[in-house]
Structure formats: structure tokens, C-alpha cells
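Engineer: turn this into a model:
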Amino acid sequence: MSFSVVIVALDAAADLALTIESVVHQTFRDFEIIILDGYSVDSTKSVLRNYAEFITTIVQEADAGIFDAMNRSVKLCSKDYIIFLNAKDRLYSSDVLEKVWRRKLGEPDVLFGEHIYVDGGMERYFRSQRFDFIWQSLVSGDISPRWHESIPCHQATFTRRSLLESIQYDTRLELCADHNFLFQAFSKGCKFQYIDEIICHYFGGGLSARRTDRLRLELVDTYRRHSKKPDHVDRYFLGAESRLFPEETALTGLCLTGFDTDIDRSDFEKTHKLRWCYNSNFTFITPDLQITEMCSFVGFNPFGPQRVAISFGSYPVSEISLPHGHFSVSFRFDHPLQPKSELLFSLQHTGPREEAHGRSVSLALGKIVCSGRMFLDVPQFGRQESVCFCTDQSVQSNAVLLQGWSVLEHDRVWSIEDAAYVCFRVGREVEKIRFEIGGNPYVPNAARRIGIGINGITVADAMLDAEKNVIVYERPIDHGSFNQLLLIALRVDLLAKPPSDERLLGCCLHKISFD
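Structural biologist: Numbers count the residues shown, from 1 in each chain. Prediction:
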């Protein structure tokens, strides 16, 4: 393990020396110092000359802000992990790098710890926590001052160089691109490790401290992208009546067509918190980072009972009936849906309504709430790992199984529908996935066929023996740099009922292993 310490400076001669000193005196010696100077006009060059023997690279160039400079610096680094310091910030003690090195577990993409915020002579200790706790609190809208303070700053974060080569800081965000980077990386399945050590003194008074209104808006914009309760984010940062941002986000699901903007809502819509659908259909994108299995929504149907057909592409996935007047419905889709699936809701009746300013409408809709397996609830597997479907591993097995399966048995689980589903995450290092599957001996040989689909794409089609069959899926070389969420369908041509068994059975799944 080795470290690149990147120091970003601009007219910081008075503070730069102490920042460099905090690195130079580290007991762990496998590090390099990279200096990015944004064309300082003070005596910064003189300070740097005094430390020339310790500095690996000095680059003087104009940039479009601190996060642009940080992005540019990555190509100059050669070590495993990168930490970014601003001139004036300091590593907390001479053994910080050694402590991080000693406490590193496995191969995390991001390591982070605590920091002390210094502002005008006042020091305040900011304690962090495991990032999955931070993430889950944001997703559920359970945010508070303690939660906000636990998000690590970039001065207390060590990021794998290869990750920074794949995901850059969003330079459209002037003040909190580091927070956005962490949530974006975590949502892609990157591994985070929390180390309960103080990493740095982070000195305030910078750009974010001087532009509090801009910072607040950037924080809201960033956090609501990663929350299923964006209204909780709005209330916490902007107050109860704020309507600066849309109600929906990628994690809640998005209505794409069929509705007017919030600004154009009628009095009826505002009073009942509904939106008129000005068409005989509307499209909806299911939430990101979630395998959606169920859906519920409230609304107002101005006509008699009407049928709503829901389709994904050319395939129907559900059909419901809405009563006249105000309603609340919940339903399960015919099969699990991948994140960001585009659904078409087709309605039976349309007509002009006075409550909609005389325009032709089909219904008034409230929030659509989707439920299913969230990203963090789905097990993750790496190379040389496996999951056996048996009663001895019921917790892990049930975490992988979705709809279409019977109960676990001693060494297998039987499918009881034409299509049965499993889901899991795989590490970026996984190249092959092996399925150990048995056929139903009471299905005729010619009909004992299985098809395997992964994220909507058929990857295998094979005949099954009644005993165990091994089907190997090789992931494409360009499968991506990060952990991947996989929704897998196992489809059989025919089900059959064995003697003395009331179930119609398709195939039996014994084991899935990863190489």
C-alpha cells in the first residue's frame, strides 16, 4: 500500500509549509507529494524550493476550480491511494499514514476517518461512521446534524487511484463535489472502509464557508439525488415550504410523460396533492438501485371503474382496476423489474373535466411508490465464493431468491413458475458465473429446456438432464469497472407434478459459484 498526497495551492505561501511538513514527517515512508499550484503570485515558489527534495512533482497551471485541479492531478500520481489536501490543511499526526496502512482490511476502494475542523482558532471534532450507515440514512430520509457531520471530507479520505481514473469529481459542483463523489462511488458498489482515527486538521474559511447559500443549494441537489425521500432533504436544508426542486428523483422513480409541470397545476391538484394525466397513458421509470417487485399509488378516478394495463416494452407486467373517486391501490408485478425500467401505464377512459380546466384527462395521480430489493439488501459475491441453496444456508439463500421458487430443501430449491428469479451483486473481478441446475425427471426430455437471462438479455439456452447440470456464463470483457447488480431469470418450457407432490415443478437450483 502506498500513498499519493496531492496538495492544491493558490497564493498560500503563509500556510503551505506546515501542510508539507505534516506529510514529510510521516513515519510511513511509501508516499509521494504532488503539488498543484494555480499560478500563485505570492512567494509560493520560494516555499516549494525549500522542500524540493521531498516533492515528487510540481505543476503550475490554471484550473476551473479546486475539483478541476483534483481531477487533473490524478494522472500525475503513481501510488495506490490518493489523499487531497488544501494548502493549510494538515495530517493530524506523524503516524497517520502508518495507522491507515496497518488498519486496512482487504482491498477497499475508499478508506476514510475522522477530522478536526479548525475555524478562527476554534477546533471541532467531526466523528464519522460506516458509510453504509451514512448511505442508508440518506436513502430513507433519516438525516440530522449528526448524520451530516459524519460524511467524511476529502482531506480525511484515501481513494484508490484506479477509482479516481474511472469516476471524476463533478466540476459542475463548486463546493461539494467530494460528497457527491462518495455517494456516486458507493452506489456503483465500491468498497468503503471506515477507520476510527483522526486523519487531518481541516481548516475552514475557504470557498464553501464564504458562499453558504450556494453550498446549501449544492448539498440539497447532491443529497436528494441519492435519497428515496428527497422532500426530507428539502425540509432539512431549505424549510418546510421549499419547492425549488422536483418531487421525484432517480431513486424514487420518475414520471416522464403524461403530466404538466408543477408550475401548471390546477387548484384541485394543489389541494389534493395530485397531478392530472392529460393523456390516455403515461410513462414511469422505476427507481434506480432497486429491483422493483411491487408498486402502490393514490389518486382520483373521475370516471367509473377503469382498467389500467401496465407494460414493459411489448410485455405486459400487470393489470389493475381502479374504482371511481379517490383510491389507493397496491399490486405486484408479474416479474421483478430491473432498475430504471420504463413502464407504460395505459388507461381505459379519458374525457374533459372541469377540475382540470376543461381539458381531457384520464385520472389524477399522487405519488407512485415502488418497493423491492434495494442495492444494499442484495448479497455481493467475489471470486471463489458461492451460494448453496439449502436449508443450512437459508439466510443467504433467501436473500438471493426472488419470486418463482418453492421452499428450500436439503440441497436444492425448486422453481414453481415458468420463470423464477434470483438477484445478487458481483465484484468487478468475477469473470465467470456457474449455475448448478437439475431438471425435473417428470418433464419429457424434449421439453426439459432452460433459458437464463441476465438483466433482460438471454445468455444461455440448454437442455437439462435430471441430474445436476453445470451452465457457465462468461462475463464480457467490458462488463464494467464496478460491482454489478444482476437480475437473473431462469425460464423453463414446461412444469410437471411428480407423484405424491402437489407442486408443479420446473428446475431445481443447487448452487451458484463465482470465478
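
Engineer: going by C-alpha atoms from here, please, whenever you check contacts or count neighbours.
Structural biologist: Will do.

Engineer: centroid-nearest residue for the protein?
Structural biologist: Nearest residue to the geometric centre of the chain (Cα atoms, centre = their mean): residue 187, 2.3 Å.

Engineer: from what I can see it touches residue 289, true?
Structural biologist: Yes. Using Cα atoms under 8 Å, residue 187 is in contact with residue 289, at 7.4 Å.

Engineer: so what sits against both of those two?
Structural biologist: residue 375 (Cα atoms under 8 Å, 6 or more residues apart in numbering).

Engineer: if you rank every helix and strand of the protein by mean pLDDT, what lands last?
Structural biologist: Of all the helices and strands that make up the chain, helix 207-210 has the lowest average by mean pLDDT, DSSP states H and E, namely a mean of 52.

Engineer: any idea which helix or strand comes after that one?
Structural biologist: Using DSSP states H and E, the helix or strand that follows helix 207-210 in sequence is helix 212-225.

Engineer: so what pLDDT did the residue nearest to the centre of the chain get?
Structural biologist: In the predicted model, residue 187 carries a pLDDT score of 90.

Engineer: quick one: residues contacting it.
Structural biologist: 289, 375.

Engineer: burial of the residue lying closest to residue 407 once chain neighbours are set aside, as a residue count?
Structural biologist: Closest residue in space to residue 407, ignoring its immediate chain neighbours: residue 413 at 6.4 Å, by Cα to Cα, 6 or more residues apart in numbering. Counted with other Cα atoms under 10 Å, residues neighbouring residue 413 total 24.

Engineer: residue 250 versus residue 413, what's the distance?
Structural biologist: According to Cα to Cα, to the nearest Å, residue 413 stands 34 Å off from residue 250.

Engineer: same deal with residue 310?
Structural biologist: Residue 310 is 20 Å from residue 250, by Cα to Cα.

Engineer: could you do residue 318 as well?
Structural biologist: From residue 318 over to residue 250 (counting by Cα to Cα), the distance is 22 Å.

Engineer: ok, residues contacting the helix or strand containing residue 317?
Structural biologist: According to DSSP H and E, residue 317 maps onto strand 315-322. Outside strand 315-322, the residues that touch it by Cα under 8 Å, 6+ apart are 301, 305-311, 329, 331-335.

Engineer: if any of those residues are buried, put those into a PyMOL selection.
Structural biologist: Buried subset of the contacts of strand 315-322, written as a PyMOL selection, criterion 16 or more other Cα atoms under 10 Å:
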select buried, resi 301+306+308+309+310+311+332+333+335
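
Engineer: so, low pLDDT: which residues of the chain?
Structural biologist: For the chain, the stretches flagged by pLDDT under 70 are 205-211, 240-243, 261-265, 477-482.

Engineer: and if we set it to 80?
Structural biologist: 62-63, 205-211, 240-244, 260-272, 477-483 (pLDDT under 80).

Engineer: can you give me the helices in the stretch 1-150 of the chain?
Structural biologist: Ranges of helices in the stretch 1-150 of the chain, per DSSP state H, counting those that start in this stretch, are 13-24, 44-50, 66-73, 96-103, 131-140, 145-149.

Engineer: quick one, which of those is nearest to residue 436?
Structural biologist: helix 131-140 (32.1 Å; Cα to Cα).

Engineer: neighbouring contacts of the closest one?
Structural biologist: By Cα under 8 Å, 6+ apart, the list of residues contacting helix 131-140 reads 143, 147, 150-151, 183, 192-194, 223, 226-229, 376.

Engineer: ok and it relative to helix 212-225, angle-wise?
Structural biologist: 90 degrees (axes from the mean of the first three to the mean of the last three Cα atoms, to 10 degrees).

Engineer: can you give me the buried ones in helix 131-140?
Structural biologist: Neighbour counts over helix 131-140 (16+ other Cα under 10 Å) mark 131, 134, 135, 136, 138, 139 as buried.

Engineer: contact partners for the residue nearest to residue 312 when sequence neighbours are not counted?
Structural biologist: Take residue 312 and drop its neighbours on the chain: the residue closest to it by Cα to Cα, 6+ apart is residue 343, 4.9 Å away. By Cα under 8 Å, 6+ apart, the contact set of residue 343 is 283, 284, 285, 286, 310, 311, 312, 313.

Engineer: so what pairs up with residue 343 in the strands?
Structural biologist: Beta-bridge pairing for residue 343 (DSSP bridges): residue 284, residue 312.

Engineer: how much space separates it from residue 316?
Structural biologist: Going from residue 343 to residue 316 by Cα to Cα gives 9 Å.

Engineer: need phi/psi at residue 356.
Structural biologist: Dihedral pair for residue 356: phi -110, psi 30, per degrees, to the nearest 10.

Engineer: how deep is it tucked in, by neighbour count?
Structural biologist: The number of residues packed near residue 356 is 19, by other Cα under 10 Å.

Engineer: cool, the one 10 residues further on as well?
Structural biologist: Counted with other Cα under 10 Å, the burial measure for residue 366 works out to 18 neighbours.

Engineer: just to be sure, it is in a strand?
Structural biologist: Yes. Residue 366 sits within a strand when classified using DSSP: H, G, I helix; E, B strand; the rest coil.

Engineer: surely it meets residue 296?
Structural biologist: No. Proximity of residue 366 to residue 296 does not meet the contact threshold set by Cα under 8 Å, at 9.9 Å.

Engineer: which neighbours do those two share?
Structural biologist: Counting by Cα under 8 Å, 6+ apart, nothing touches both residue 366 and residue 296.

Engineer: so what are the domain limits for the chain?
Structural biologist: Using the TED database, the domain parsing of the chain gives 3-225, 273-352+359-374, 380-514.

Engineer: Serialize these to a markdown table and add fields for distance to residue 260.
Structural biologist: Putting the domains of the chain into a markdown table (distance: least, Cα to Cα, whole Å) gives the following:
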| stretch | distance to residue 260 |
| --- | --- |
| domain 3-225 | 22 |
| domain 273-352+359-374 | 8 |
| domain 380-514 | 32 |
